[in-house]
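*Asks:* This is the structure alone, sequence omitted:
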């Protein structure tokens, strides 16, 4: 069974992969490699992932707020009769 996927989904997926690679390469790896002891590396990695989770949460909440407030997406908004 072949599933048709919109080009927007491909663009969002590619943007997500680029963002994840940038986070790993520019934030996580330098944070972990700047410490010598294993528990310091673990703490730096954990805190970096907590910040990443916070950024993801802010993005999801902002996106949901935009969808719920915007009048252009009433067809996919489950809280309207559209």
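*Replies:* Sure thing, it's come through. Please read all numbers here as calculations on a predicted model, not as lab measurements.
*Asks:* Measure how far the lengthiest helix in the chain is from the centre of its chain, please.
*Replies:* The helix that spans the most residues within the chain, counting by DSSP state H, is helix 38-69. In terms of Cα atoms, centre = their mean, to the nearest Å, the centre of helix 38-69 is found 8 Å from the chain centre.
*Asks:* Now do the buried residues in it.
*Replies:* Of all the residues in helix 38-69, those buried under the rule 16 or more other Cβ atoms under 10 Å are 44, 48, 52. Where C-beta positions appear, they are placed from N, C-alpha and C, glycine not excepted.
*Asks:* Please render these as a markdown table that adds pLDDT to the earlier fields.
*Replies:* Output for those, formatted as a markdown table (pLDDT from 0 to 100):
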| residue | pLDDT |
| --- | --- |
| 44 | 93 |
| 48 | 93 |
| 52 | 91 |
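*Asks:* Can you tell me how far the residue nearest the centre of the chain is from residue 6?
*Replies:* Note on the chain: the residue nearest the mean C-alpha position is residue 56, at 4.3 Å, using Cα atoms, centre = their mean. Per Cβ to Cβ, to the nearest Å, residue 56 is found 22 Å from residue 6.
*Asks:* Thanks a lot, see you next time.
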